[in-house]
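Asker: Sequence isn't available, so here's the structure alone:
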């Protein structure tokens, strides 16, 4: 059991097992990175960096969504100008603070750190969504730590309360994460605001985010941060809908952070609506497909029916109709029977040019490449019962 010191309050938080995970998104708020008026500090970030390093050593992958750029920019500019509080001023502060924020995480990591700036528009536009996804997959494959932040310098509508909480949930779905971890200065979800209500008690597990649960959330408790418990619960709801559980914990308690390395959570676990794979499979099976279809040969059809595989150009015969990169398309065999469906990495005209080719020829044929697969196995569901497998079709 971990006892969290809350000034004149103390909350007992018994440990519970973390859900099993291979890939996670960790969101770290400004209140853990910004000292009072003094810019960024490694005081709490160091333990979180240690957790990420230990996870990587165990063969797990962590994508970091980090706030702190505006706070860092404000500290750097304090001697030269006064923050007007307007949108343009905050955008300038964000631009100024990105470099020291990334430098902080690089100083705490033995691995290379890559900065990835996103806006919600990047994730709503299907082509940009796939480009961001491909980049993050490649960074993780290379063993790099991706550090994601909202591109506040060019965002307008998105620069508001809760950006990075909700952005973290969207990124968790983007990278097919198994878990969303939200670190803040609050150790758990409470039945009421513990700073104002002496009877408030921590809640260890939330099975479903009901209106009653949402009513327990308060606002931001930090001048440096822009989010609060309500935005964290909103993010958890987004993650739950994608089949991803969320954990809320204190990033200020070293013992709590270190316990995560051993699969123990001292905080709040918010369950997913269903398993990540079930949620994704349901969407892939039932979402409306584009009018075009991809025709594959008998060997590719047999391989698809036998396991969880990717569709490479070598197994493709051609296409029927038109579709665009990122569309959900039906995959049929040479007899016209539906075999699978998935999100295509290439448009119909591109797939026709690549049909029967080896993946290594993609760049030569098209002059560019969005990846070796016409449809990646993570974006594909067969009409039968898939069997886990790592092979590729049409290599």
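Answerer: That came through fine. What you see is a predicted model; the values in this text were computed from it and never measured.
Asker: Report the mean per-residue pLDDT for the helix or strand where residue 123 lies.
Answerer: For residue 123, the host element (DSSP states H and E) is helix 120-124. In this model, helix 120-124 has a mean pLDDT of 68.
Asker: name the helices or strands packed onto whichever helix or strand comes after that helix?
Answerer: Downstream of helix 120-124, the next assigned helix or strand under DSSP H and E is helix 126-141. Judged by 3 or more Cβ pairs under 8 Å, 6 or more residues apart in numbering; DSSP states H and E, helix 126-141 is in contact with strand 61-66, strand 113-118, helix 120-124, strand 145-150, helix 163-174. Every residue, glycine included, has its C-beta placed from N, CA and C.
Asker: let's see it at 10 Å
Answerer: strand 61-66, strand 113-118, helix 120-124, strand 145-150, helix 163-174, strand 338-343 (3 or more Cβ pairs under 10 Å, 6 or more residues apart in numbering; DSSP states H and E).
Asker: can you put the ones you listed in CSV and add mean neighbour count and distance to residue 52?
Answerer: Shown next, in CSV, are the helices and strands packed on helix 126-141 (neighbours: other Cβ atoms under 10 Å; distance: least, Cβ to Cβ, whole Å):
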stretch, mean neighbour count, distance to residue 52
strand 61-66, 24, 5
strand 113-118, 18, 10
helix 120-124, 15, 23
strand 145-150, 23, 7
helix 163-174, 25, 14
strand 338-343, 22, 29
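Asker: Can you add distance to residue 244 and give the ones you listed back as a markdown table?
Answerer: As requested, the helices and strands packed on helix 126-141 are exported to a markdown table (distance: least, Cβ to Cβ, whole Å):
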| stretch | distance to residue 244 |
| --- | --- |
| strand 61-66 | 12 |
| strand 113-118 | 18 |
| helix 120-124 | 15 |
| strand 145-150 | 16 |
| helix 163-174 | 5 |
| strand 338-343 | 18 |
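Asker: ok, now which ones touch the residue lying farthest from the centre of the chain?
Answerer: No residue in the chain sits farther from the centre than residue 335, which is 39.3 Å out by Cα atoms, centre = their mean. Contact analysis of residue 335 by Cβ atoms under 10 Å, 6 or more residues apart in numbering lists 295, 298, 301.
Asker: Which ones among the residues you listed map onto strands?
Answerer: residue 295 (DSSP state E).
Asker: Quick check on the contacts of residue 335: which are buried?
Answerer: 295, 301 (16 or more other Cβ atoms under 10 Å).
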